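*Asks:* Build the 3D model from these lines:
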Amino acid sequence: MMLINTATDRVVARKVELASTFGQRLRGLMGRRGMPKGSAMLLYPCNAIHTCFMRFSIDIVFLNREGYVLVIIPKLPPFRFAGPVKESQLVVELPAGETADAQIEIGHKLKFAYKIKR
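*Replies:* Numbers count the residues shown, from 1 in each chain. Below is the predicted model of the structure:
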């Protein structure tokens, strides 16, 4: 699955990992050494996150049900909390600095698309 910023037609992440169960969302990125550029984690349903027991900072993007950006938190360090964000249904976690690089702004729409293998 890919993540695309429809406001800029820019691919934000070419590899999106889905965390949709309680256990997957709770574990998230804990225990990893980092996030490769071009990757993202989508937490659904979700309106708050933590970076407890993580080893690196990440960018956080809270989205509503339609995929519109509600809140952006750049470079959130380990052992912090963010949210809850009212009306947020999805959270995208990105490598630190990626929201600026991808020019993501509040009000932009992010779209998830599947890559078709030929």
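
*Asks:* after the top helix by length along the chain comes which helix or strand?
*Replies:* Ordering each helix of the chain by length in residues (DSSP state H) puts helix 22-27 first. Downstream of helix 22-27, the next assigned helix or strand under DSSP states H and E is strand 39-43.

*Asks:* Now find how far off-centre the helix or strand just after that next one is within its chain.
*Replies:* Proceeding N to C from strand 39-43, the next assigned helix or strand is strand 49-50, under DSSP H and E. Remark: strand 49-50 is offset 11 Å from the chain centroid, using CA atoms, centre = their mean, to the nearest Å.

*Asks:* what packs against strand 49-50?
*Replies:* Using 3 or more CB pairs under 8 Å, 6 or more residues apart in numbering; DSSP states H and E, the elements in contact with strand 49-50 are strand 81-82. From N, CA and C alone the C-beta is placed, and that goes for glycine too.
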